[in-house]
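Peer 1: how would this look folded up:
(one chain, ligands or ions: 1)
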Amino acid sequence: MTSTEFHMPDLEKLHEAVIEGDWKAAASLTHAALATGAAPLTIVSQYLVPAMDEVGRRFECEEYFVPEMLLSARAMKASMEIVRPLLAATGAEPVGRVVIGTVKGDLHDIGKNLVASMLEGGGFDVIDLGADVAPARFIETAIARDANLVALSALLTVTMPSMKTTIEAFQSAGLRDRVKIMVGGAPVTQRYAEAIGADGYSENAGSAVALARKLVRA
Ligand code: B12
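Peer 2: The predicted model follows:
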């Protein structure tokens, strides 16, 4: 039996705990998985994210409703809080400074938090503004903290236009040359990113780090 197989039952239970919205079980199973040597990134990419995908599937076919989604989100957060510090990089000079947030009108923050953690792990100095962030706040913060990158998240088709509004606000403020803007979130596409004048799009938290590095180097 390999060590990975040995850890599987706990990690499968963690996956279940997130789907079932049991945050206490999710937290203790995360501690247990880490204690037996499971890799933080494996926990996130192979168990937590697929669990939220399953929650989304259940919501779509009306097995789950908003209260169940909220419980699952809380369980995912409980696990992420334990894993996040372990994803963070050690010491080195920051690669760049990024202001990240979910755009105005949108309260989804799990994917954004994941991207923020991965960027931190990738050596970026990350300023996380949370969810439902107005364009003016992105701008104020980017100026005050001298950021060279802004990352926008949107999970709803109705809030995607807030990304466009935010990019336009950076343009009007005369900051578009100073700051690169990347966008992401389940309904966002490369095509949409280009249409609204973003500098880059990536599909997931892992590829977001490579994209961010490319953008700050350009
Ligand atoms: C959890 C959840 C909620 C929770 C959010 C809790 C929280 N704190 O985030 C709650 C219950 C609050 C919620 C509310 C609503 N939700 Co909701 N929700 C979800 C659900 C199930 C999971 C989202 C999630 O966390 N996924 C896991 C993360 C890890 O994935 P992710 O967010 O896509 O992020 C990844 C990538 O997209 C990317 N990424 C994300 N951001 C960024 C940013 C950058 C810069 C980059 C590069 C990459 C990137 O990297 C991430 C990691 O790999 C989705 C279904 C789904 N499968 O997406 C529905 C979903 C997004 N919700 C939906 C809806 C309709 C709603 C509500 C309108 C429901 C209602 N009737 O009230 C409200 C809207 C509230 C609001 N104003 O925002 C719809 C959206 C449909 C649409 N296309 O517009 C979905 C798709 C469900 C469905 N299938 O119908 N929701």
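Peer 1: C-alpha only now, for contacts and for neighbours.
Peer 2: OK.
Peer 1: Now the nearest residue to Asp125 once chain neighbours are set aside: phi and psi?
Peer 2: Closest residue to Asp125 in three dimensions, ignoring its sequence neighbours and counting by C-alpha to C-alpha, 6 or more residues apart in numbering: Arg97, at 4.7 Å. The phi/psi pair for Arg97 (degrees, to the nearest 10) reads phi -120, psi 120.
Peer 1: What about Arg97, how many residues nearby?
Peer 2: 21 (other C-alpha atoms under 10 Å).
Peer 1: List the residues that contact it.
Peer 2: Taking C-alpha atoms under 8 Å, 6 or more residues apart in numbering as the criterion, Arg97 is in contact with 124-127, 146-149.
Peer 1: what pLDDT does it get?
Peer 2: For Arg97, the pLDDT comes out at 95.
Peer 1: Tell me what Lys180 is bridged to.
Peer 2: Beta-bridge pairing for Lys180 (DSSP bridges): Leu149.
Peer 1: I'd like to know how far the residue nearest to Asp125 sits from the ligand.
Peer 2: 14 Å (C-alpha to the nearest ligand atom, to the nearest Å).
Peer 1: Then Tyr192?
Peer 2: In terms of C-alpha to the nearest ligand atom, Tyr192 sits 13 Å off from the ligand.
Peer 1: What helices and strands are in contact with the helix or strand harbouring that residue?
Peer 2: Taking DSSP states H and E as the criterion, Tyr192 maps to helix 190-195. Under the contact criterion of 3 or more C-alpha pairs under 8 Å, 6 or more residues apart in numbering; DSSP states H and E, helix 190-195 touches strand 200-201.
Peer 1: what's the closest residue to Glu203 other than its chain neighbours in contact with, if anything?
Peer 2: Nearest residue to Glu203, sequence neighbours excluded (C-alpha to C-alpha, 6+ apart): Gly184, at 6.4 Å. Residues near Gly184 by C-alpha under 8 Å, 6+ apart: 151-154, 201-204.
Peer 1: next one: Glu68
Peer 2: 20-21.
Peer 1: Need the pLDDT of it.
Peer 2: With respect to pLDDT, Glu68 has a value of 92.
Peer 1: in the helix or strand containing it, what's buried?
Peer 2: Using DSSP H and E, Glu68 sits within helix 66-87. Buried residues in helix 66-87, defined by neighbour count with 16 or more other C-alpha atoms under 10 Å: 68-69, 71-80, 82-84, 86-87.
Peer 1: Can you name the residues of this protein sitting close to the ligand?
Peer 2: 49, 52-53, 55-56, 59-60, 66, 69-70, 73, 105-112, 114-115, 151-153, 155-158, 182-187, 201-205, 208 (C-alpha under 6 Å from any ligand atom).
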